[in-house]
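**Q** here you go, sequence then predicted model.
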Amino acid sequence: MDALLALAVGLGLAATCGLRAFVPVLFLSIAARMGWIGLPSSLGFLATDVALGALLVATAVEVLATSVPALANALDALAAPAAMAAGTLVAGSQFTGVMPNDPLLGWAAALIGGGGAAGLVHGLSAIGRTGATLASGGILTPVYGFAESVAAAVLAVIVALLPLVALAALAMAVTVAIVAIRSRRASRVAAFAR
C-alpha cells in the first residue's frame, strides 16, 4: 500500500507541475518540513530554509508572470521544460523512497511518469490558455492564469491529503480534456470537408 500511495502522491504532484512548475515543489518543501511527506536523503535539501526561500521567490515570479498576457503566452515555451523537470523531481522524491535498492529505476520511472504527466497537463493547459487569449483578445489571460495558480495550490494539498482520490480525479480530468480536444478537432475537419 505504501508503494501505491507513493505512486499517487508522486504522479499527482508531478501532474500539478504542469499547471505551475514551482507551486507543487514549494508544497513538497513545506510538507517535508512539517513531516507530512517523506523525502529521500538525496533530496533532503528541499526541506532547508534556503530551498524554501528560493521556492517562495520562484513561485511568486511564476504566478505574477502568468497574469500578464504577453508574458504568460511567451513563458509557455520556457515553462514546458521547467514543468517536466519539476514533475520528475517531485515524482522522484516519492518513487525513489519505495525503491531504495534501485534508485536508478526510481528516477527512470519519475522521468517517464512524472515528467510525462507534467508535460501532458502543461500541454493541455497551454492549449486552453491560447484559446482563452485568442477568444478574448487577452482579457481572460490573467483570469486563466489565476485559475491555474489556484488549481495548482488546491491540487497539491488534495494530493497530499487524499492521494488516490486526487489521482483518479486527475486521470478523469485529463481524459475529458483529451476527448474534448479530439471532438473539437473532428468537428473542424467535418466542417472543412463540407
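**A** It's in. None of the values given here were measured: they were computed from a predicted structure.
**Q** drop to CA atoms for contacts and neighbour counts, all remaining ones
**A** Noted.
**Q** tell me how far Ala153 lies from Ala60.
**A** Separation of Ala153 from Ala60 (Cα to Cα, to the nearest Å): 12 Å.
**Q** ok, Val121 next?
**A** For Val121, the distance to Ala60 - Cα to Cα - is 21 Å.
**Q** give me the more crowded residue out of those two.
**A** A direct count of neighbours by other Cα atoms under 10 Å for Val121 and Ala60 places Val121 higher, at 25 against 13.
**Q** for that one, phi and psi?
**A** With angles defined as degrees, to the nearest 10, Val121 sits at phi -60, psi -40.
**Q** what helix or strand is the nearest residue to Asp102 once chain neighbours are set aside on?
**A** Of all residues not flanking Asp102 in the chain, Thr96 sits nearest, at 7.7 Å (Cα to Cα, 6 or more residues apart in numbering). Assigned by DSSP states H and E, Thr96 belongs to helix 69-98.
**Q** kindly report the same for Val63.
**A** helix 49-65.
**Q** what's that helix packed up against?
**A** With contacts defined as 3 or more Cα pairs under 8 Å, 6 or more residues apart in numbering; DSSP states H and E, helix 49-65 has these neighbours: helix 22-34, helix 141-161.
**Q** which other residues reach the first one?
**A** What it means is helix 22-34. With contact meaning Cα atoms under 8 Å, 6 or more residues apart in numbering, helix 22-34 is reached by 13-14, 16-17, 37-39, 46-48, 51-52, 55-56, 58-59, 62, 83, 86, 90, 149, 152-153, 156-157.
**Q** what residues sit buried inside it?
**A** The neighbour-count check on helix 22-34 (16 or more other Cα atoms under 10 Å) flags Phe22, Val23, Pro24, Val25, Leu26, Phe27, Leu28, Ser29, Ile30, Ala31, Ala32, Arg33 as buried.
**Q** going by distance to Pro100, which of the residues you listed wins?
**A** Ala32 (18.1 Å; Cα to Cα).
**Q** to Arg184, which of the helices and strands packed on helix 49-65 lies closest?
**A** For the helices and strands packed on helix 49-65, the distance to Arg184 is smallest for helix 141-161, at 20.1 Å, taking Cα to Cα.
**Q** which secondary structure elements does the closest one contact?
**A** If contacts are counted by 3+ Cα pairs under 8 Å, 6+ apart, helix 141-161 sits against helix 2-17, helix 22-34, helix 49-65, helix 69-98, helix 115-136, helix 163-193.
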